[in-house]
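**Q** Give the three-dimensional model of this entry:
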Amino acid sequence: MAIKQLTMISGFALLALILLAAGPVPSANSAPGSTVLGRVKFEGTVPKPVPINMAADPTCAKQHETRATSEDFVPGVNGTLENVVVFISDGLGNRNFDVPTEPVRVEQKGCMYKPHVLAVRANQPLELVNSDSTVHNIHPIPANNREWNKSETPGLHVEETFAREEIAIPVKCNIHPWMRGYIAVFKHPFFSVTGKDGSFDLKGLPPGEYTISAWHEKLGTLTQRVTVTAGETKSIDFVFKNHGG
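**A** Down below sits the predicted model:
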């Protein structure tokens with residue numbers, strides 16, 4: 001009996017050594033993440049910036065060396081386009097993703113919303129900051145979330161959240177009617193807002209087939225279908241065009 005037990009122990013020890021040498025067994029969900037990246041471009045005549053009259057509140061006007069202009073159409077460099085939200089709009093199924101606890105910041109500065117377009121996860125904290133010396137309010141007007149209206153005295157910080165996905169929520173200031181912006185809310189982490197170079201980068205995607213959408217407040221939405229394999233990086237571009245309006 002002692003010899004039999006010793007043989008069994010030796011067998012288990014040998015198996016353990018083999019497994020240790022082979023390394024960890026990969027799980028079904030350990031496939032390397034995929035990436036879709038690219039740029040958002042614009043073709044056609046660039047609309048002229050619309051001047052903003054801030055004379056109703058001199059504390060706003062004096063913060064701008066030149067007259068402020070609207071941000072509903074901001075061309076980037078080399079024919080690209082800013083303030084476009086690029087995101088996965090279909091293909092993720094019922095997957096769940098952890099919600100970040102780090103807040104996303106929107107600042108009221110120079111009597112403008114900074115950034116003009118931002119994206120946040122559903123239930124992620126949204127930090128609202130008044131960096132001006134005048135009173136503001138921030139008033140999102142959602143279609144699929146709770147509407148709220150927060151008055152903010154100079155220096156005040158307020159936190160809010162949106163519970164459900166929505167692309168995109170218009171935001172206004174009831175005190176300064178020229179103040180406009182948008183907040184896009186997502187139930188997943190695969191989104192990007194273009195900056196001056198028009199680029200976007202959707203990292204860590206599970207392998208699969210997806211619809212990728214690009215949304216602009218004036219030009220609407222473009223979509224593309226993309227298939228990515230494990231660890232693949234695929235490059236695509238979106239091109240918005242001026243239709244003469």
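**Q** Show me this protein divided up by domain.
**A** Using automatic domain parsing, the domains assigned to the chain come out as 28-97+189-245, 98-187.
**Q** tell me the mean pLDDT for the last one?
**A** Meaning domain 98-187. The pLDDT scores in domain 98-187 average 95.
**Q** quick one on the thing from earlier: just put the domains of the chain in TSV and tack on mean neighbour count.
**A** The way it works is simple: take the backbone N, C-alpha and C, and place the C-beta from them, glycine included. Converted to TSV, the domains of the chain look like this (neighbours: other C-beta atoms under 10 Å):
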stretch	mean neighbour count
domain 28-97+189-245	16
domain 98-187	17
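**Q** Quick check: Val117 touching Gly181?
**A** Yes: with contact defined as C-beta atoms under 8 Å, Val117 reaches Gly181; the gap is 6.6 Å.
**Q** Now do the helices in this structure.
**A** Under the criterion DSSP state H, the chain contains helices at 2-22, 58-61.
**Q** Could you give the average pLDDT over the longest one?
**A** Put plainly, it is helix 2-22. The model assigns helix 2-22 a mean pLDDT of 47.
**Q** For Ala214, which residues are in contact?
**A** Val40, Val84, Val85, Val86, Phe200, Thr221, Leu222, Thr223, Phe238, Phe240 (C-beta atoms under 8 Å, 6 or more residues apart in numbering).
**Q** Just want to check the distance between it and Phe200.
**A** In this view, Ala214 and Phe200 are 8 Å apart by C-beta to C-beta, to the nearest Å.
**Q** what do those two both touch?
**A** Joint contacts of Ala214 and Phe200 (C-beta under 8 Å, 6+ apart) are Val40, Val84, Val86.
**Q** Give the full set of residues in contact with Ile169.
**A** Contact analysis of Ile169 by C-beta under 8 Å, 6+ apart lists Pro140, Ile141, Pro142, Ala143, Asn145, Phe162, Tyr182, Ile183, Ala184, Val185.
**Q** Looking at the residues you listed, which is nearest Thr35?
**A** Ala184 (20.3 Å; C-beta to C-beta).
**Q** you'd agree that closest one is up against Phe162?
**A** No: counting by C-beta under 8 Å, Ala184 stays clear of Phe162, with 9.7 Å between them.
**Q** tell me, what's touching these two both at once?
**A** In contact with both Ala184 and Phe162: Val120, Ile169, using C-beta under 8 Å, 6+ apart.
**Q** do you know how far Lys41 is from Ser199?
**A** Separation of Lys41 from Ser199 (C-beta to C-beta) stands at 11 Å.
**Q** intersection of neighbour lists for these two?
**A** Taking C-beta under 8 Å, 6+ apart as the criterion, Lys41 and Ser199 both touch Thr80.
**Q** quick one: the nearest residue to His116 once chain neighbours are set aside from Val158, how far?
**A** Counting by C-beta to C-beta, 6 or more residues apart in numbering, His116 lies nearest to Glu71, which is 4.2 Å off, once chain neighbours are set aside. For Glu71, the distance to Val158 equals 22 Å [C-beta to C-beta].
**Q** and what of Pro100?
**A** Per C-beta to C-beta, Pro100 is found 19 Å from Val158.
**Q** and if you look at Phe87?
**A** On the measure of C-beta to C-beta, Phe87 and Val158 end up 26 Å apart.
**Q** cool, and Ala168?
**A** With the distance defined as C-beta to C-beta, Ala168 ends up 20 Å from Val158.
**Q** tell me the contacts of the residue most central in space within the chain?
**A** Residue closest to the average C-alpha location in the chain (C-alpha atoms, centre = their mean): Ala119, at 3.5 Å. Going by C-beta under 8 Å, 6+ apart, Ala119 touches Val85, Phe87, Val104, Ile183, Ala184, Val185, Phe186, Phe191, Ser192, Val193.
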